[in-house]
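Participant: the following block contains a protein sequence and its predicted model.
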Amino acid sequence: MAKLKMSKKSTKVDMTAMCDMAFLLLSFFIMTATAKVPEALPVETPASTVQTKLPDENLGTLSIAKGKVFYGVSGREIRVETLKRMGEKYGVAFTDDEQKKFSLIDGFGVDMRQMKQLIAMKNEDRMKDGTQPGIPFDSINNQLKDWIQISRNVTKDLDNKDLDIAIKGDSKEEYPTVKKVLDILQKQNKNNFFLVTGLRSDDF
Amino acid sequence: MAELNTGDGGGKKGGGKVRSKKSNPGVDLTAMVDLAFLLITFFILTTTLSKPQSMNLALPDTPDVNDPIPPETPAWRTLTIVLGSGDKVLWYSGRTDGPPLDGPVVTTYGKAGIRDLILSKKKGVDDRNKSTGRDLEKEGITVILKPSEKSNYKNFVDILDEMAITGVKKYATVDITPADIKFLETNNIY
């Protein structure tokens, strides 16, 4: 009687190809992941259940915390053109080099007259807490209004789009400050904007 | 693939020779693959989740003072929510120049507080509209939000979030009036 011979095959699977692929994907995701950019004004946003994604482009962000307001626009060309026009309005001329440096700053919060010093600063110094006092937005010296208005005009001229505005407010910010900013926007007939929030479930 | 070539299969050479045991020097890659996939999952999740969430806020147009017929809403269809200090809210229905239809009552944010109230008010208005055959969408409840100076931004987002959760279509943020402040003061949340 011939014995039935089971072919003894190894149960091990060759993992090499899988490993290769896994690491390939891993490197892809690490490279595409963007590192968190340090913010000039640290803001702790409140949470909401609404899940609308914030647009990446064509966005002006107003950060509000500790009674200060910072502003930043996405898109380098728009930044440069906005700075030029703001310079014309407030009688400050910027060199090409300064414009180029400004186009790399994500958000700022200084008076127009201190803009040159801010641009000349090193990146680390600029991000230090308390270096930037916020953009003036009271009724006598309302530079914030001009920044928003001019950046909107620039977006209109360059891209023929209306600039989206996002408001990134700190949880503990008192409402009057927020209200002032909302009023500035409303006066410009900008009635629709995004409030940047974190995520939570509706069980609270 | 992951095994080293140990040089076997070169034919028989001098049968009967004592040979050292051929061990397979293959490396077990399972753990490595596990780790790699774990990291992949982590990176996939963080890249998509780190994008900040946002909520849309539409404010009413600045009202035209010369508008001959300002828009009117019957008092029973309105619900006014005044945001006070200390994470407290106050609500009432109707006007402030007489006693309001309902309220004023102090409550808190969230599931235990204002949400049930909004839902029941909304249902009440919808039922009344249904029985009289009116349009539920157009003539539904109108919520008026009045953030006071003592409330913070979180409160404001919380109440807007509440609007989204309860599905109230018509709501407006309005400046606070002295009568509202008086309500807040008498309830010690100003």
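Facilitator: Yep, that arrived.

Participant: what segments of chain A are helices?
Facilitator: A:16-32, A:76-90, A:96-102, A:115-120, A:123-127, A:143-159, A:175-187 (DSSP state H).

Participant: tabulate the ones you listed in a markdown table, adding columns for distance to chain B, mean neighbour count and mean pLDDT.
Facilitator: No exception for glycine: its C-beta is placed from N, CA and C like everyone else's. Shown next, in a markdown table, are these (distance: least, C-beta to the nearest C-beta, whole Å; neighbours: other C-beta atoms under 10 Å in any protein chain shown; pLDDT from 0 to 100):
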| stretch | distance to chain B | mean neighbour count | mean pLDDT |
| --- | --- | --- | --- |
| helix A:16-32 | 4 | 15 | 87 |
| helix A:76-90 | 20 | 18 | 85 |
| helix A:96-102 | 24 | 15 | 85 |
| helix A:115-120 | 25 | 17 | 83 |
| helix A:123-127 | 19 | 12 | 77 |
| helix A:143-159 | 15 | 19 | 86 |
| helix A:175-187 | 5 | 18 | 84 |
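
Participant: could those be laid out in CSV, adding distance to B:V168?
Facilitator: Formatted as CSV, the helices of chain A follow (distance: least, C-beta to C-beta, whole Å):
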stretch, distance to B:V168
helix A:16-32, 40
helix A:76-90, 36
helix A:96-102, 43
helix A:115-120, 44
helix A:123-127, 41
helix A:143-159, 29
helix A:175-187, 20
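
Participant: wait, which of the ones you listed is closest to B:D34?
Facilitator: For B:D34, the closest of those is helix A:16-32, at 9.0 Å, according to C-beta to C-beta.

Participant: show me the strands in chain B, by range?
Facilitator: Here chain B has its strands, by DSSP state E, at B:53-58, B:78-83, B:88-93, B:102-108, B:142-147, B:170-173.

Participant: dump these into JSON lines; add mean neighbour count as well.
Facilitator: Below are those laid out as JSON lines (neighbours: other C-beta atoms under 10 Å in any protein chain shown):
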{"stretch": "strand B:53-58", "mean neighbour count": "18"}
{"stretch": "strand B:78-83", "mean neighbour count": "24"}
{"stretch": "strand B:88-93", "mean neighbour count": "23"}
{"stretch": "strand B:102-108", "mean neighbour count": "17"}
{"stretch": "strand B:142-147", "mean neighbour count": "21"}
{"stretch": "strand B:170-173", "mean neighbour count": "17"}
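
Participant: out of these, flag the one nearest A:E44.
Facilitator: Short answer: strand B:53-58, nearest of the strands of chain B by C-beta to C-beta, at 14.2 Å.

Participant: do that closest one and chain A meet at all?
Facilitator: Yes: for strand B:53-58 and chain A, the contact criterion (C-beta under 8 Å from any C-beta of the partner chain) is met by B:53-58.

Participant: which ones are touching A:V92?
Facilitator: Applying C-beta atoms under 8 Å, 6 or more residues apart in numbering or on different chains to A:V92 gives the contacts A:86, A:112-113, A:115-116.

Participant: nearest residue to A:V196 other than its sequence neighbours?
Facilitator: Nearest non-adjacent residue to A:V196, counting by C-beta to C-beta, 6 or more residues apart in numbering or on different chains: A:K168, 4.1 Å away.

Participant: contact partners for the one you found?
Facilitator: Taking C-beta under 8 Å, 6+ apart, we find A:K168 in contact with A:43, A:45, A:61-64, A:196.

Participant: among the residues you listed, which are in strands?
Facilitator: Short answer: these in strands (DSSP E) are A:61-64, A:196.

Participant: re earlier: now flag whichever of the contacts of A:K168 is closest to chain B.
Facilitator: A:V196 (5.1 Å; C-beta to the nearest C-beta).

Participant: pull the number of nearby residues for the closest one.
Facilitator: 21 (other C-beta atoms under 10 Å in any protein chain shown).

Participant: check what pLDDT B:N5 gets.
Facilitator: If you check B:N5, the pLDDT there is 57.

Participant: one more: B:D34?
Facilitator: pLDDT, B:D34: 89.

Participant: how much space is there between it and A:I140?
Facilitator: Remark: distance between B:D34 and A:I140 (C-beta to C-beta, to the nearest Å) = 64 Å.

Participant: who's in contact with the spatially closest residue to B:T80 that is not a sequence neighbour?
Facilitator: Spatial nearest neighbour of B:T80, excluding adjacent residues (C-beta to C-beta, 6+ apart): B:I144 at 4.5 Å. By C-beta under 8 Å, 6+ apart, the contact set of B:I144 is B:78-81, B:171-172, B:174.
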